[in-house]
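Engineer: okay, here's the prediction I keep looking at, along with the sequence it came from:
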Amino acid sequence: MTAPSGPTSTLPPPSANGSAPPARPAPQAPARRRMRTKISSMRTALIAGTAVLIVVLIFIIQNAHAVSISFLGAHLRLSLAVALLLAAIAGALVIAAAGTARITQLRRIVRRERRQPDPGK
């Protein structure tokens, strides 16, 4: 007994007059998407923050000469690098304070909405 020489298929041959539906490709498994977790987002933020910190440090190191600074009546003479570092820290603190205020505001709104009874029920 011999095996069939041509490819075998369970689909009927297409019709010569075009009335047969076109052959559909085999369904493929859906592409796997990467899951975004809090840890992966935090890791990405840490990498980006480290890159920014490196750029800031290079800028500070290249600008290390002494400068005179006047702020709110105080007169200081210190390294430009230290002044830039202090300005960056102050900016980060302002951003953190604004973010904390917004989160607190949103939490109060959510708490207030939970306490109020739903008028539709």
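Structural biologist: Looks like it came in fine.
Engineer: what residue ranges in this protein score low on pLDDT?
Structural biologist: Applying pLDDT under 70 to the chain flags the ranges 1-27, 29-34, 118-121.
Engineer: quick one: the strands in it?
Structural biologist: 66-71, 74-79 (DSSP state E).
Engineer: reformat these as JSON lines; add distance to residue 57 and mean neighbour count.
Structural biologist: Where C-beta positions appear, they are placed from N, C-alpha and C, glycine not excepted. Putting the strands of the chain into JSON lines (distance: least, Cβ to Cβ, whole Å; neighbours: other Cβ atoms under 10 Å) gives the following:
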{"stretch": "strand 66-71", "distance to residue 57": "18", "mean neighbour count": "11"}
{"stretch": "strand 74-79", "distance to residue 57": "14", "mean neighbour count": "10"}
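Engineer: out of those, which is closest to residue 45?
Structural biologist: Nearest of these to residue 45, taken as Cβ to Cβ: strand 74-79 at 29.6 Å.
Engineer: who does the closest one touch, helix- and strand-wise?
Structural biologist: Secondary-structure packing of strand 74-79 (3 or more Cβ pairs under 8 Å, 6 or more residues apart in numbering; DSSP states H and E): strand 66-71.
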